[in-house]
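[1] requesting a structural model of the entry that follows:
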Amino acid sequence: MKSVSLQHDNFKEMTHKNTLEKLLNNPSEELLLHLSPEGILRLTMNRPEVHNAFDDHQIIRMTEVLEAASESEAVKVVILGSEGRSFSAGGDLNYMRRMGQNSYEENYADASRLAKLLKVLNFLPQPTIARVQGAAFGGGVGLICCCDMAIGTPRVKMALSEVKLGMVPATIGPYVVRTLGEKAARRLFITGEIVRAEEAKSLGFLNAIVEEEGLDGMVNEWAQKILKNAPNAVRAAKKLVFDVSSGEVTKEMIEGTIKLIADTRDSEEGREGLTAFLEKRPPSWLDQTD
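    Next up, the predicted model:
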């Protein structure tokens, strides 16, 4: 059986060489990008004909953009969404068929690329919001779990359906388990069953449910709430969650939190925030015209 290796076509392997500005100026039809003047970066998967399933090309595109965004001071919030009726069906069937013809080494390399995308999204310094308007299966669920917040509509349905195909939700597993907890993850990993919007919210996949016509409004409202906060403090607060949720509360962890608050108070942003509060005026990071 002939193996199929990854074709690079007009894009490079994942590096930091392409800046966000270059990527914004050279968009892909399958991944729409928009950076607003206030710092909201929208990544919109645009493959509605395949329910926004992703292939090897899309994985690399998304990782490249997110890596560039992580290094950009212009990006304050990232919104991940998609066009069409589905959020993401996970792996594209044609892509999966090709992967089934590959050698073990090629499949290992391919899985590594998806694992990198998930890691980059999960640990992105900026806050992330998933805009979920419909079905999300397999890897699509993983993308949602890697975002800090997720807002969906009543049409949402989600499934970790890998076992129905003889697969397992491996690379998305760490992020799904952290989202759901072990007990719920056991159930959904093993049954592959579909859960609807309300149950998805109760399980922790979604933070809120809103009617379709109000989805963009609520996503924008949450983004604006984030933008009103000090940008460096927001990044530090997100990192703090990772730092203190990783295990036992140790002396080193406590000392890390002490250092963080001391560093924050001593920072230019921290001093400005406290001074503005005491002087009863907006801090400098807010648009004075608001």
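[2] could you list the low-pLDDT ranges of this structure?
    Scanning the chain for pLDDT under 70 picks out 1-18, 95-100, 287-290.
[3] packing partners for the lengthiest helix in the chain?
    Secondary structure of the chain per DSSP state H: the longest helix is helix 104-122. In terms of contacts (3 or more CB pairs under 8 Å, 6 or more residues apart in numbering; DSSP states H and E), helix 104-122 is packed against helix 56-70, helix 93-100, helix 139-146. For glycine as for every other residue, the C-beta is placed from the backbone atoms N, C-alpha and C.
[4] tilt between that helix and helix 56-70?
    Between helix 104-122 and helix 56-70, the angle comes out at 40 degrees (axes from the mean of the first three to the mean of the last three CA atoms, to 10 degrees).
[5] mind listing what's buried in helix 104-122?
    Applying a neighbour-count criterion of 16 or more other CB atoms under 10 Å, one finds 106, 110, 113-122 buried in helix 104-122.
[6] so residue 81, which of the three states?
    strand (DSSP: H, G, I helix; E, B strand; the rest coil).
[7] and the closest residue in space to it that isn't next to it in sequence, helix, strand or coil?
    Distance criterion CB to CB, 6 or more residues apart in numbering; nearest residue to residue 81, sequence neighbours excluded, is residue 131 at 3.6 Å. Counting by three-state DSSP, the backbone at residue 131 sits in strand.
[8] go on, residue 158?
    Secondary structure state of residue 158, per three-state DSSP, is strand.
[9] can I assume it is in contact with residue 195?
    Yes - between residue 158 and residue 195 a contact is recorded at 5.4 Å, counting by CB atoms under 8 Å.
[10] which residues do those two both contact?
    residue 205 (CB atoms under 8 Å, 6 or more residues apart in numbering).
[11] more neighbours: which of the two?
    Under the criterion of other CB atoms under 10 Å, the comparison of residue 158 against residue 195 puts residue 158 first, with 27 against 21.
[12] how about that one, what does it touch?
    Residues in contact with residue 158 (CB under 8 Å, 6+ apart) are 135-137, 140-141, 144, 194-195, 200, 205.
[13] want to throw those into TSV with distance to residue 238?
    Converted to TSV, the contacts of residue 158 look like this (distance: CB to CB, whole Å):
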residue	distance to residue 238
135	28
136	23
137	27
140	23
141	21
144	17
194	31
195	27
200	23
205	19
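[14] the residues you listed in strands, which ones?
    When these are checked against strands (DSSP state E), the matches are 135-137, 194-195.
[15] and stretch 94-106, how far apart are its ends?
    Stretch 94-106 has its terminal residues 16 Å apart, counting by CA to CA, to the nearest Å.
[16] what is residue 82 paired to in the beta sheet?
    Per DSSP bridges, the residues bridged to residue 82 are residue 45.
[17] that concludes my questions; thank you for your assistance.
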